[in-house]
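S.K.: fold the following and give me the result.
(one chain, ligands or ions: 1)
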Amino acid sequence: MTTEYNFIKACWGQPVDRVPVWLMRQAGRYLKQYKEVRAQGGGTFLDLCKDPARAAEVTIQPIDLLDVDAAILFSDILTPIEPMGMKLDFVPGPVFENPIRTIADVDALVVPENMAEAVSYVPAIIKRLRVAFENRVPLIGFGGAPFTLACYMVEGKGSKDFASLKQMMYSDFPLYDALMQKITEMDRRYLNMQIEAGAQTIQIFDTWGGLLAPHDYERYILPYIQQLINGLNRDGIPIIYFVKHGGTMLELVKEAGSDVLGLDWHVNLGKARDLLGNDVAVQGNLDPTVLYAPKEYIEKEVQRILDENGDRPGFIFNLGHGILPTVPPENAIHMVECVHRLSQK
Ligand code: CP3
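M.R.: Okay, the predicted model is just below:
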């Protein structure tokens, strides 16, 4: 597999002339340009996700403004849940009106045969972006991991501990399994549809996977995520798997089988790489709040992470989680510039 993009090369563990960098949630409210497009027409966040012209525009904004090495499709992990039959709102956090609690609820969930029709705005945005970018930057498609999607579908909204899902998992495994099987199959079709439409990398967000103890992760998450990743048409398409708070169970997270592992800032990147070995690339892991620090401090932190990585290939610089909405954009620009300058061969 040969490619010109540093980002894709790094995903495959190939040498690069400087470390590629992008930011999770790089399109969003910290940019006034995003807020302007979001306000056009007075619509909601979901309206923006479903409007291919505007969604493509906000995907491109951080490429122009920050000079990052990859673009990520503008959407949300929860949008493909709507065609499963669950009404979704953002207020601004996500809310499902009728959360999943019983086997009748699970039986009623639809797994659309044709995801390209069910969420037709997604392939429409991807196709627009591929034309707009030509060969400028690669496009990352994404989805939520089955467990993280189940968290919202069962709780009905955000939560600190997602106790409703964990109660289901511990007390009624057949119900939990039936739900997870349906989500996993939807996800498989959804991500393959994005690849088919032109996504050049896939990132799977398991934002809440770290809520589980390692032995529970092994039993309640790993089989489904393995099934998902094994079911992707991944020829030439790197798969990135990010488990927030996965640092205490990296060997298990590696068993999911992705090409790249996303790390949050609770681990030392060098130690994590020693443990993981050189057959998997890593992405991370600056604490997102460091972007509130003075410029010199940001530079030192970038240098520290580059030093932790050393000269190992297979490294993509990123935040350890999404950029926060009140971060000054010039600090994000500075961070990207530091990564490029300090890692230039
Ligand atoms: O730039 C990008 O990274 C692409 C866009 C993107 C969004 N959501 C847009 C968004 C991505 C990759 C996501 C993923 C996502 N969504 C995750 C996994 C990653 C993570 O951050 O943990 C999760 C858990 C969600 C669910 C979600 N969507 C929540 C909890 C919220 C509310 C809190 C928040 O961050 O605003 C959203 C809304 C959301 N998703 C917004 C954006 C830009 C804000 C909506 C607005 O503009 O008002």
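
S.K.: dump the helix or strand containing Lys271 to PDB, restricted to CA.
M.R.: Following DSSP states H and E, one finds Lys271 within helix 269-276. In PDB, the C-alpha atoms belonging to helix 269-276 read as follows (Å, rounded to 0.1, in the frame of the first residue of the first chain):
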ATOM      1  CA  LEU A 269       2.600   7.700  25.200                       C
ATOM      2  CA  GLY A 270       6.100   6.300  25.200                       C
ATOM      3  CA  LYS A 271       5.200   3.700  27.900                       C
ATOM      4  CA  ALA A 272       2.000   2.800  26.000                       C
ATOM      5  CA  ARG A 273       4.000   2.200  22.800                       C
ATOM      6  CA  ASP A 274       6.500   0.000  24.700                       C
ATOM      7  CA  LEU A 275       3.600  -2.100  25.900                       C
ATOM      8  CA  LEU A 276       1.800  -2.200  22.500                       C
END
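
S.K.: let me know the next secondary structure element after it.
M.R.: strand 281-286.

S.K.: what sits opposite the spatially most central residue of the chain in the beta ladder?
M.R.: Most central in the chain under Cα atoms, centre = their mean is Phe205, positioned 4.0 Å from the mean C-alpha point. Beta bridges link Phe205 to Gly144, Phe242 when assigned by DSSP bridges.

S.K.: now check the lengthiest helix in the chain, is it near the ligand?
M.R.: If you go by DSSP state H, the chain has its longest helix at helix 173-197. No. Contact of helix 173-197 with the ligand (Cβ under 6 Å from any ligand atom) is absent, the minimum separation being 12.4 Å. For every residue, glycine as well, the C-beta is placed using N, CA and C.

S.K.: for that helix, packing partners?
M.R.: helix 103-108, helix 115-118, helix 121-133, strand 139-144, helix 146-155, helix 163-171, strand 201-206, helix 222-230 (3 or more Cβ pairs under 8 Å, 6 or more residues apart in numbering; DSSP states H and E).

S.K.: closest one to the ligand among the ones you listed?
M.R.: strand 201-206 (3.7 Å; Cβ to the nearest ligand atom).

S.K.: wouldn't the residue nearest to the centre of the chain be in contact with Ala145 here?
M.R.: Yes. Taking contacts as Cβ atoms under 8 Å, Phe205 lies within contact range of Ala145: 6.4 Å.

S.K.: stretch 256-269 and the ligand in contact?
M.R.: No. Residues of stretch 256-269 are not located near the ligand by Cβ under 6 Å from any ligand atom, the shortest gap being 10.0 Å.
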